[in-house]
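Asks: Structure of the sequence below:
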Amino acid sequence: MWNKPLSIPSRPEALPGRADRMSPPEQHFVNRHRLEPPFTEPLQRAMFGMGCFWGAERIFWQLKGVYSTAVGYAAGHTPNPTYREVCTGMTGHNEAVLVVFDPNLIRYEDLLQTFWENHDPTQGMRQGNDAGTQYRSGIYYCDDAQRRAAEASRDAYQPRLTAAGYGRITTEILPAPEFYYAEDYHQQYLAKNPDGYCGLGGTGVSCPAGVGVSST
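Replies: You can find the predicted model right below:
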């Protein structure tokens, strides 16, 4: 695990991928809602990377106001990558969670608080014992309001992490890239395999609630 590349390959270096897309299951294993668009109003999307996507997805699907979740690959170069390819470190993708939520029931800022508090955003290209570019911390915003909220929450959280002895936040904050759904068996993995691996662990440092600019 530790001999993977710890830098994102350039586009010419990345694996070529394929034209065929993977289609996820029609229904969420836990709540039976749809995984793919279209999503009707007022539902909105958010996208995060915070280490192994199995545990990250479970954290979000448990939140009241979250309509659906899915795991996939984002922010890389290889079109329609497979899990095996992503694990080589040669696609550039992050293990990402797509969160579909009702802003009338849960705010984007609440999702950000959940994101920050459930992993260590200072570790660069790893999360705990999981090392590699696919485990980097990332927020992928869907509009300018989400960008402003993400940046504000990062800036508010950094002093608290610093006071607790942690380093600088390494989370990338980027426009939401194309989301490639992962293979069926990865979707809601920890609901299907309750004793499965989850390598996520927060810092124990609380993030200020309500920071940022509302996305509603």
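
Asks: List the buried residues of stretch 142-161.
Replies: Across stretch 142-161, burial judged by 16 or more other C-beta atoms under 10 Å covers Ala145, Gln146, Arg147, Ala149, Ala150, Ala152, Ser153, Arg154, Ala156, Tyr157, Gln158, Leu161. Using the backbone N, CA and C atoms, a C-beta is placed for each residue, glycine as well.

Asks: hang on, I meant stretch 36-55
Replies: By neighbour count on 16+ other C-beta under 10 Å, the buried set for stretch 36-55 is 39, 43-55.

Asks: Quick one: residues in contact with the one helix or strand Ala145 maps to.
Replies: Counting by DSSP states H and E, the element that carries Ala145 is helix 144-163. Outside helix 144-163, the residues that touch it by C-beta atoms under 8 Å, 6 or more residues apart in numbering are 46, 108-109, 112-113, 116, 121-122, 139, 141, 167-169, 171, 173, 175, 203, 205-208, 211-215.

Asks: pretty sure Thr69 is in a strand, no?
Replies: Yes - judged by DSSP: H, G, I helix; E, B strand; the rest coil, Thr69 forms part of a strand.

Asks: ok, so what distance separates the closest residue to it other than its chain neighbours from Pro159?
Replies: Leaving out its chain neighbours, the residue that sits closest to Thr69 by C-beta to C-beta, 6 or more residues apart in numbering is Trp61, at 4.5 Å. For Trp61, the distance to Pro159 (C-beta to C-beta, to the nearest Å) stands at 31 Å.

Asks: sorry, back to before: would you reformat the buried residues of stretch 142-161 as a markdown table and include distance to Ala182 and pLDDT?
Replies: Converted to a markdown table, these look like this (distance: C-beta to C-beta, whole Å; pLDDT from 0 to 100):
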| residue | distance to Ala182 | pLDDT |
| --- | --- | --- |
| Ala145 | 28 | 98 |
| Gln146 | 23 | 98 |
| Arg147 | 25 | 98 |
| Ala149 | 26 | 98 |
| Ala150 | 23 | 98 |
| Ala152 | 30 | 98 |
| Ser153 | 26 | 98 |
| Arg154 | 26 | 98 |
| Ala156 | 31 | 98 |
| Tyr157 | 28 | 98 |
| Gln158 | 31 | 98 |
| Leu161 | 30 | 98 |
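
Asks: hang on, the earlier thing: measure how buried the residue nearest to Thr69 is and give me the count.
Replies: Neighbour count for Trp61, taken as other C-beta atoms under 10 Å: 21.

Asks: Now the phi/psi pair for it, please.
Replies: Taking degrees, to the nearest 10, you get phi -70, psi -20 for the backbone angles of Trp61.

Asks: so it touches Asn31, yeah?
Replies: Yes - contact criterion C-beta atoms under 8 Å: Trp61 and Asn31 qualify, at 7.1 Å.

Asks: Now do the shared contacts for those two.
Replies: Ser68.

Asks: what ranges of the chain fall below the confidence cut-off?
Replies: Within the chain, the ranges that satisfy pLDDT under 70 run 1-2, 209-216.

Asks: can we see that at 50?
Replies: By pLDDT under 50, the weakly predicted segments of the chain are 1, 212-216.

Asks: just the strands in it please.
Replies: Secondary structure of the chain by DSSP state E: the strands cover 44-50, 66-74, 94-101, 126-127, 130-131, 137-141, 172-175, 180-181.
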